[in-house]
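Chemist: curious how this folds, go ahead:
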Amino acid sequence: MEMDVAGCYVMIKCVCLVIEKQDKLLLVQARNRDKYYFPGGKIDKGETYKKALQRELNEELQLDIPESSLIYMDTVVGEAYPQENMQTELNCFYTTADVDWTTVVPSQEITDLQWIDKKDKHLIAPAVITWIEAHQQINRIRQENNLIELVPYNEKLKSDLNHIEIAISDRQFTKTPVENIELAAHDSERHPTLIYNHEQQCVGFFTLHEGQGVTPYTENKDAIFFRSFSIDKKHRGKGYAKKVMTALPGYLSEQFPNINEIYLTVNNDNVIAQQLYEQCNYQYVGTSTLENRPVYILKQKI
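Modeler: Numbering: from 1, shown residues only. I've put the predicted structure just below:
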C-alpha cells in the first residue's frame, strides 16, 4: 500500500487482462524485472476500469481492444510487485475480441511476452499467484458442490452452443439457443448466456434482455428480462435449473450492476417451471401473452 499526504495507507488499484490457455497464462515482463504479471496497470484519475485497461493494453501491447469486448471477471488483493510492503488490487477482465496473440508486438517498455505455466510460480508476480490460487479454490469448491458457471456468449463458444440439445417438449415454450443468437446479432439489448457445470460442460442457455425486452412488463428502466431458459436434455434432472436461478442475482450484480429487478414469463401450462420459480422466491405480477401464448409475469428484486 502507498501512503497519502494524511499518512493513511492507500491500495494500489489496477486493471488487468486475463488470457488463459489450458494451464497457462499470457503474461508480460516489464523492464527486465524477474517476475511476469498480467497485462494492465494503474488506473488514472477519472478513468473507468475499462478505459484504463484499454489505455494500458495500447501502451503495453499496442492493441486497440473494443471496450464492449472487455468482460469483468473478479477482483483479488495481493502483494504488490515490484513495490515492497505494499498491496495491489487487481480488477480482472477477459476479452471476447478475436486476437491472434502470436502476432502481438509489445511496446518498448515490455521486455517479454510469453505463455507461463501456472505451476511456475517462481516466474510469476505475487498478486497473480494470489489470483491463480483463488481460482483453484473456486474450481475445487465448484467440483465439490457441482456448482455452475454463467458465461456471456461469444463466437468462440459457438461449438458449445451448437451441442445443446433441446427436448421437443420444451420447444413449445421457448426458442432454441441458435435462434436466440440470431436475434441477438441484430439486437444489442439481448445478452445470450451459456451455463457450464463444474466439468466445463455446456449444460444450458438463457438470454438477458434489457430495454425494449422488459418494457412490456414494467416501467422500471433498471429491470432486465430473463428469457429462453433451456437445459440440455442430456443434463435434465440434475438440479441445474435451480442452481441457475439461485446464481442469477449475483451474476447480474457483477455483469449489470445497475439492474435491480429480474422479470420473466412462464407459460400458464408449464407447471414444472412455475414450481421452480416459486421455490426461488419469484413473485406473481400479472398475466400477458408472449408469442400468442398466455403467460404469467413474475419478478424478483435484487
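
Chemist: drop to CA atoms for contacts and neighbour counts, all remaining ones
Modeler: Will do.

Chemist: would you list every one of the strands in the stretch 151-300 of the chain?
Modeler: Along the stretch 151-300 of the chain, the stretches classed as strands by DSSP state E, counting those that start in this stretch are 190-196, 202-209, 223-231, 261-267, 283-290, 293-301.

Chemist: between those strands, which one is nearest to Asn162?
Modeler: Among the strands of the stretch 151-300 of the chain, the nearest to Asn162 by C-alpha to C-alpha is strand 202-209 (9.9 Å).

Chemist: pairing partners for that closest one, with directions?
Modeler: Strand 202-209 sits in its sheet next to strand 190-196 (antiparallel), strand 223-231 (antiparallel), going by DSSP bridges.

Chemist: highest mean neighbour count out of those?
Modeler: Using mean count of other C-alpha atoms under 10 Å, the stretch among the strands paired with strand 202-209 with the largest mean neighbour count is strand 223-231, at a mean of 24.

Chemist: and the strands paired with strand 202-209 as a markdown table, adding distance to Ala80 and mean pLDDT?
Modeler: Supplementary listing: those in a markdown table, determined by distance: least, C-alpha to C-alpha, whole Å; pLDDT from 0 to 100:
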| stretch | distance to Ala80 | mean pLDDT |
| --- | --- | --- |
| strand 190-196 | 33 | 96 |
| strand 223-231 | 38 | 95 |
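
Chemist: a markdown table for the strands of the stretch 151-300 of the chain, including distance to Thr75?
Modeler: Shown next, in a markdown table, are these (distance: least, C-alpha to C-alpha, whole Å):
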| stretch | distance to Thr75 |
| --- | --- |
| strand 190-196 | 21 |
| strand 202-209 | 24 |
| strand 223-231 | 25 |
| strand 261-267 | 24 |
| strand 283-290 | 33 |
| strand 293-301 | 25 |
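
Chemist: who wins for proximity to Cys14 among the ones you listed?
Modeler: Closest to Cys14 of the strands of the stretch 151-300 of the chain is strand 190-196 (C-alpha to C-alpha; 27.3 Å).

Chemist: identify the residues contacting that closest one?
Modeler: Residues outside strand 190-196 that contact it (C-alpha atoms under 8 Å, 6 or more residues apart in numbering): 148-153, 161, 180-181, 183-184, 202-210, 213, 244.

Chemist: so what's the residue lying closest to Gly213 once chain neighbours are set aside bridging to?
Modeler: In this structure, Gly213 finds its nearest non-sequential neighbour in Phe225, 6.2 Å apart by C-alpha to C-alpha, 6 or more residues apart in numbering. Following DSSP bridges, Phe225 is listed with bridge partners His209, Tyr263.

Chemist: ok now do Phe225, which residues does it touch?
Modeler: The neighbourhood of Phe225, defined by C-alpha under 8 Å, 6+ apart, consists of 208-210, 213-214, 262-264.

Chemist: hmm, 10 Å instead?
Modeler: Phe225 makes contact with 190, 207-218, 261-265, 299, according to C-alpha atoms under 10 Å, 6 or more residues apart in numbering.

Chemist: what does Ile231 give?
Modeler: 164-167, 170, 195, 202-206, 237-241, 244.

Chemist: just the buried members of those?
Modeler: Of the members of these, the ones counted as buried by neighbours, 16 or more other C-alpha atoms under 10 Å, are 164-166, 170, 195, 202-206, 240-241, 244.
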